[in-house]
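S.K.: I would like to see how this sequence folds:
(one chain, ligands or ions: 1)
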Amino acid sequence: MAQDELKTLVGQGALQYVVRGELVGVGTGSTVNKFIDALATIKDQIKGAVSSSVASTERLRALGIPVFDSNEVERLSVYIDGADEIDGHGNMVKGGGAALTREKIVAAQSDKFVCIADASKLVDVLGAFPLPVEVIPMATARIVRQFAAMGGHAVLRQKDGQPLVTDNGQYIIDVTGLKIADPLAFEAQVSQWPGVVTVGVFAFQRAQVCLLGTASGVKTLTF
Ligand code: 5RP
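M.R.: Now for the predicted structure:
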């Protein structure tokens with residue numbers, strides 16, 4: 001099965017976790033886009049969504065799904081999002097779509113994180129995918145040096161020859177060469193560096209469920 005079909009399958013599969021009559025937290029990315037398309041088919045059964053990016057908000061609204069500000073909502077039952085990597089404990093690397101900060105915020109206000117991903121995202125140890133980190137622009141060079149000191153190689157993400165600017169007006173660096181053996185400790189450490197807005201390791205906001213698209217169908221992992 002093609003990767004796109006696997007994304008459609010897990011996107012549709014996530015509908016079973018959406019609590020009818022409530023708001024749902026919605027992530028960002030090509031897999032989540034499949035979920036949003038599926039969500040539109042039950043839009044009359046939900047109140048609406050809290051979105052993690054401008055891109056997802058636009059897609060939700062275009063399909064007639066009301067989008068609420070996260071400040072208006074205390075708790076969400078469930079947050080549905082993709083991942084760049086997920087390990088056997090539900091820890092993830094996220095931010096390939098540059099939406100990691102808002103993703104972590106919406107995940108933090110949700111009771112359950114349901115990750116939707118194709119099988120290529122499942123890893124033993126996080127770190128093969130370049131780790132996204134959102135940073136305050138004036139701190140970029142210092143943070144790049146801090147990653148170098150721990151053996152990583154950080155590169156400023158570019159778009160059309162310019163530094164990519166996130167929905168929050170900040171930069172993204174992508175770090176290779178890391179093996180993140182202890183995701184909780186790593187997230188706690190890097191989150192404290194001055195100028196780091198969000199590190200793309202999701203260990204404190206790890207997934208409780210992962211719907212994994214495999215050649216033999218959707219596999220449900222629970223953590
Ligand atoms: C965006 C993300 C995405 O969830 C992650 O990049 C996976 O995206 P895709 O579903 O397109 O593979 O973290 O910031």
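S.K.: Mind listing residues that contact the helix or strand containing residue 188?
M.R.: In this structure, residue 188 is located in helix 183-191 according to DSSP states H and E. Residues from elsewhere that reach helix 183-191 (C-beta atoms under 8 Å, 6 or more residues apart in numbering): 87, 89, 91, 126, 133, 180, 196, 198-199, 201-204, 206. Where you see a C-beta, it was placed from the backbone N, CA and C, and this is true even at glycine.
S.K.: can you pull the buried residues of that helix?
M.R.: By neighbour count with 16 or more other C-beta atoms under 10 Å, helix 183-191 contains the buried residues 183, 186, 187, 190.
S.K.: Could you verify my assumption that residue 163 touches residue 134?
M.R.: No. Applying C-beta atoms under 8 Å as the test, residue 163 and residue 134 come out as separate, 11.9 Å apart.
S.K.: what about these two, which has more around it?
M.R.: Higher neighbour count among residue 163 and residue 134: residue 134, with 25 against 14, using other C-beta atoms under 10 Å.
S.K.: part of a strand, is residue 42?
M.R.: No. Assessed with DSSP: H, G, I helix; E, B strand; the rest coil, residue 42 is helix; it does not lie in a strand.
S.K.: ok, now how distant is it from residue 14?
M.R.: 11 Å (C-beta to C-beta, to the nearest Å).
S.K.: Name the residue in these two with the higher neighbour count.
M.R.: Between residue 42 and residue 14, counted using other C-beta under 10 Å, the more crowded position is residue 14 (26 against 13).
S.K.: Next one: the one residue sitting closest to the centre of the chain, what pLDDT does it get?
M.R.: For the chain, the residue sitting closest to the mean C-alpha position, by C-alpha atoms, centre = their mean, is residue 94 at 4.5 Å. At residue 94, the model reports a pLDDT of 98.
S.K.: Per the annotation, how does this protein divide into domains?
M.R.: As given by automatic domain parsing, the domain ranges for the chain are 3-123+204-222, 131-200.
S.K.: Switch those domains over to CSV; also include distance to the ligand.
M.R.: Output for those, formatted as CSV (distance: least, C-beta to the nearest ligand atom, whole Å):
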stretch, distance to the ligand
domain 3-123+204-222, 3
domain 131-200, 7
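S.K.: Number of residues surrounding residue 144?
M.R.: As a burial measure, residue 144 scores 18 neighbours (other C-beta under 10 Å).
S.K.: just checking, it touches residue 171?
M.R.: No. In terms of C-beta under 8 Å, residue 144 does not count as a neighbour of residue 171; the distance is 10.7 Å.
S.K.: joint contacts of those two?
M.R.: Residues touching both residue 144 and residue 171 (C-beta under 8 Å, 6+ apart) are residue 156.
S.K.: Can you turn the buried part of the contacts of helix 183-191 into a PyMOL selection?
M.R.: Selection of buried members from the contacts of helix 183-191 for PyMOL, criterion 16+ other C-beta under 10 Å:
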select buried, resi 87+91+126+133+180+196+198+199+201+202+203+206
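S.K.: Thanks a lot, catch you later.
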